[in-house]
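>>> Compute the structure for the input listed below.
(chains A, B, C and D)
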There are 2 protein chains.
Amino acid sequence: MDNSKNYQPGLSIDCVIFGFHDNQLKVLLIKTPYENKWSLPGGFIPLDQDIDTAAVTVLNKRTGMEGIFLRQFATFGKVKRNDEHFGKAVLEHFNIPEEAGKWFRQRFVTIGYYALVDFLQAVPQKGNQQEIIEWIDHKEVPELILDHAAILDKALDTLRTELNLMPVGYNLLPEKFTIPELQKLYETILDRKLDRRNFLRKITNIGILNKLDEKKSNVAHKAPNLYTFDKDKYEEVLKSGLNQGW
Amino acid sequence: MDNSKNYQPGLSIDCVIFGFHDNQLKVLLIKTPYENKWSLPGGFIPLDQDIDTAAVTVLNKRTGMEGIFLRQFATFGKVKRNDEHFGKAVLEHFNIPEEAGKWFRQRFVTIGYYALVDFLQAVPQKGNQQEIIEWIDHKEVPELILDHAAILDKALDTLRTELNLMPVGYNLLPEKFTIPELQKLYETILDRKLDRRNFLRKITNIGILNKLDEKKSNVAHKAPNLYTFDKDKYEEVLKSGLNQGW
DNA sequence: GTACATTGCGTCATAATAACACATTATGAT
DNA sequence: ATCATAATGTGTTATTATGACGCAATGTAC
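Below you'll find the model as predicted:
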């Protein structure tokens, strides 16, 4: 493959794909052969594709899903983010000849995107047979290659801020969900407990949830009511914003 | 000049430099020879410099100032953002030979930064004798090259959001300022009137302003009190955040 | 002096938030 | 069946934040 003719040079995309399961905020990671470190799913930018499109492509390829919530959050371009040893190791592992390898060993700047997906809908896709791709609790992320740890941190930081500005949580839940589930999600992302009753009032007052005439089945204790997310009302809320401030 | 050896290929930096004067939020723009359109100040990324450093360099060069508030806000990478006609025109204008010009005519992705500067401290610097660089009211921005209008819009949007999350306004004012001045600034950025008395209460309650024992001189009507910004207290506020939301 | 514009401080009604009480529904042990 | 337990659903109250407004003080223009 001759990347130099088909891809934007020195520029890559890395995706922080979040999922929510077992009261854990999980991140989709790929195990690399390099010192057993893990990596964010990423890719390059075809010369005839918008960077956003290239990010969507990565996401499709890795989750098998379409129409996912995806947002660019930052671009990382420290000189030192590139690791000479890592570059060499990758080339050796894939048996890429020195000449073609020059493209891979140039300095790379990477654009960070984060995605919110329904854990149960997403099916992690391997790039090849040997590859290991897994959902990992964000609190137990192993060592990552390059500056991927910093990228992940920044993504989580952005997600927390976004949560205060607009209701994005539903993207991580199935179509029908309960208020307690939504609360657990908020608590997990923000990493602190919230009061049940105040949470209910605040989240329903936003006016983007539809209460269904249906309760969750097969649960211990009292069955909680099911809700769906109202996309039309959400669009309205987006315009006015959640916490105005001024 | 052989850019291909010294600069990151296909990647540029554009800075939206904001200043505040005469109750106007102004943007520093450069007039180009291309159809008399204007441009954001920008630059390329030396291979041995972090992208943030490269942005600081652009800022230093254009304002003569150091230690400026500077923040990356988005990266723009649509395929169509590059304009074939524009690329040719630039090469012809600077008399760049076809071979060396290839570097300029490749696809470019650009990283957007916005800066907040004290209008009176900044001295717009020309890149060369012919160049025209000017502060222009953000409400009267002329036609811009490429997708610079979209970049500017996004910068302003980000500034408005940031204003709700943390007190950044003081960056646009001189060291000593009055509450009415600060309010005018907020009104200009947010594009709506605020109540004097409520503004005073809210802005002082944040606890990052020091009231000086000094009034503004040579003003019509009642002389307003002068304040300074308290950087230590600001750092504390940054950690907790302004509008928590949850 | 008087009219006028602007600043500084205060009041009041309303809305948003935090802390907490209690009844309801379902499970599982006895 | 009864009871303890655990979760959900709804309500109450005190506190705080916000929005709308009144009024005196200060300085300019005439």
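>>> Name the helix or strand for the residue located most distally from the centre of chain A, please.
Each residue of chain A has a distance to the centre, and by CA atoms, centre = their mean the biggest one is for A:E99: 34.2 Å. Taking DSSP states H and E as the definition, one finds A:E99 inside helix A:98-105.
>>> do the same with A:D232
helix A:231-240.
>>> Could you pull up the mean pLDDT of that helix?
Mean per-residue pLDDT for helix A:231-240: 85.
>>> Give me the neighbour count for A:P97.
8 (other CB atoms under 10 Å in any protein chain shown). Yep, even glycine has a C-beta here, placed from its N, CA and C like the rest.
>>> tell me the phi and psi of it?
Phi and psi for A:P97, reported as degrees, to the nearest 10, are phi -60, psi 160.
>>> how many degrees apart are whichever strand or helix holds A:I13 and strand B:7-21 in direction?
Following DSSP H and E, one finds A:I13 within strand A:7-21. Here the directions of strand A:7-21 and strand B:7-21 differ by 70 degrees (axes from the mean of the first three to the mean of the last three CA atoms, to 10 degrees).
>>> in strand A:7-21, what's buried?
A:7-20 (16 or more other CB atoms under 10 Å in any protein chain shown).
>>> Past it, which element shows up next along the chain?
Defined by DSSP H and E, the subsequent element after strand A:7-21 is strand A:24-31.
>>> ok, and what's touching the helix or strand following that following strand?
Downstream of strand A:24-31, the first helix or strand assigned by DSSP H and E is strand A:38-39. Outside strand A:38-39, the residues that touch it by CB atoms under 8 Å, 6 or more residues apart in numbering or on different chains are A:29-32, A:136, A:141-146, A:148.
>>> separation between A:G42 and B:K102?
As judged by CB to CB, to the nearest Å, A:G42 and B:K102 stand 28 Å apart.
>>> Which one's more surrounded, these two?
Using other CB under 10 Å, the more surrounded residue of A:G42 and B:K102 is A:G42, with 21 against 13.
>>> circling back to that earlier point, would you reformat the buried residues of strand A:7-21 as JSON lines and include distance to A:Q129 and pLDDT?
Formatted as JSON lines, those follow (distance: CB to CB, whole Å; pLDDT from 0 to 100):
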{"residue": "A:Y7", "distance to A:Q129": "24", "pLDDT": "95"}
{"residue": "A:Q8", "distance to A:Q129": "29", "pLDDT": "96"}
{"residue": "A:P9", "distance to A:Q129": "29", "pLDDT": "95"}
{"residue": "A:G10", "distance to A:Q129": "30", "pLDDT": "95"}
{"residue": "A:L11", "distance to A:Q129": "28", "pLDDT": "97"}
{"residue": "A:S12", "distance to A:Q129": "23", "pLDDT": "97"}
{"residue": "A:I13", "distance to A:Q129": "24", "pLDDT": "98"}
{"residue": "A:D14", "distance to A:Q129": "23", "pLDDT": "98"}
{"residue": "A:C15", "distance to A:Q129": "22", "pLDDT": "98"}
{"residue": "A:V16", "distance to A:Q129": "25", "pLDDT": "98"}
{"residue": "A:I17", "distance to A:Q129": "21", "pLDDT": "98"}
{"residue": "A:F18", "distance to A:Q129": "26", "pLDDT": "98"}
{"residue": "A:G19", "distance to A:Q129": "23", "pLDDT": "97"}
{"residue": "A:F20", "distance to A:Q129": "29", "pLDDT": "96"}
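>>> so which of those residues comes closest to A:Q125?
A:I17 (11.4 Å; CB to CB).
>>> Spit out the contact partners of A:R105.
With the criterion set at CB under 8 Å, 6+ apart, A:R105 makes contact with A:87-88, A:91.
>>> Keep only those of the residues you listed that are in strands.
For the contacts of A:R105, not one is inside strands, with DSSP state E as the criterion.
>>> which of those residues lies closest to B:R160?
Of those, the one sitting nearest to B:R160 (CB to CB) turns out to be A:G87, at 40.9 Å.
>>> for the closest one, what are its contacts?
A:104-105.
>>> any idea how far A:R192 is from B:T178?
39 Å.
>>> possible to save the contacts of strand A:38-39 as TSV with neighbour count, distance to chain B and pLDDT?
Shown next, in TSV, are the contacts of strand A:38-39 (neighbours: other CB atoms under 10 Å in any protein chain shown; distance: CB to the nearest CB, whole Å; pLDDT from 0 to 100):
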residue	neighbour count	distance to chain B	pLDDT
A:L29	25	23	98
A:I30	18	23	96
A:K31	16	28	95
A:T32	18	25	90
A:I136	16	25	98
A:V141	16	23	98
A:P142	11	27	97
A:E143	10	23	96
A:L144	18	20	96
A:I145	18	19	94
A:L146	22	14	94
A:H148	23	17	97
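>>> Tell me which two of the buried residues of strand A:7-21 sit farthest apart.
It's A:P9 and A:F20 that sit farthest apart of the buried residues of strand A:7-21, by CB to CB, at 36.6 Å.
>>> after the helix holding A:E99, next one along is what?
Next helix or strand after helix A:98-105 toward the C-terminus (DSSP H and E): strand A:109-116.
>>> tilt between that following strand and strand B:7-21?
Using the same axes, to 10 degrees: strand A:109-116 against strand B:7-21 is 70 degrees.
>>> Now do the residue nearest to A:H138 when sequence neighbours are not counted against B:H21, distance only.
Spatially, and ignoring its direct neighbours in sequence, A:H138 is nearest to A:L25 (4.8 Å; CB to CB, 6 or more residues apart in numbering or on different chains). In this view, A:L25 and B:H21 are 46 Å apart by CB to CB.
>>> ok, now A:F108?
41 Å.
>>> What are the contacting residues of the lengthiest helix in chain A?
If you go by DSSP state H, chain A has its longest helix at helix A:148-165. Helix A:148-165 has contacts (CB under 8 Å, 6+ apart) with A:14, A:16, A:18, A:27, A:38-40, A:71, A:73-74, A:76, A:110, A:112, A:114, A:116, A:138, A:141, A:143-144, A:168-169, A:186, A:189-190, A:241-243, B:161, B:165, B:243-246.
>>> Those also near DNA strand C: which ones?
Restricting these to those near DNA strand C by CB under 7 Å from any atom of the strand leaves B:244-245.
>>> and chain A, what are its domains?
A:3-163, A:170-240 (automatic domain parsing).
>>> which intervals of chain A have sub-threshold pLDDT?
Along chain A, the model assigns pLDDT under 70 to residues A:1-2.
>>> The closest residue to DNA strand D within chain A: neighbouring residues, count only.
Closest approach between chain A and DNA strand D, counting by CB to the nearest atom of the strand: A:P180, at 2.8 Å. A:P180 sits with 15 neighbouring residues when counted by other CB under 10 Å.
>>> Doesn't it lie inside a helix?
Yes: the assignment for A:P180 is a helix, going by DSSP: H, G, I helix; E, B strand; the rest coil.
>>> Could you check how far it is from chain B?
For A:P180, the distance to chain B (CB to the nearest CB, to the nearest Å) stands at 16 Å.
>>> residue contacts, the nearest residue to that residue once chain neighbours are set aside?
Spatial nearest neighbour of A:P180, excluding adjacent residues (CB to CB, 6+ apart): A:P224 at 5.5 Å. Contact partners of A:P224, counting by CB under 8 Å, 6+ apart, are A:178-181, A:215-216.
>>> Just the closest of these to chain B, please.
Closest approach to chain B among the contacts of A:P224 (CB to the nearest CB): A:I179, at 14.5 Å.
>>> Next, count neighbours for the nearest residue to the closest one once chain neighbours are set aside.
Leaving aside its chain neighbours, A:I179 sits nearest to A:L200 (5.6 Å; criterion: CB to CB, 6+ apart). By other CB under 10 Å, 15 other residues sit near A:L200.
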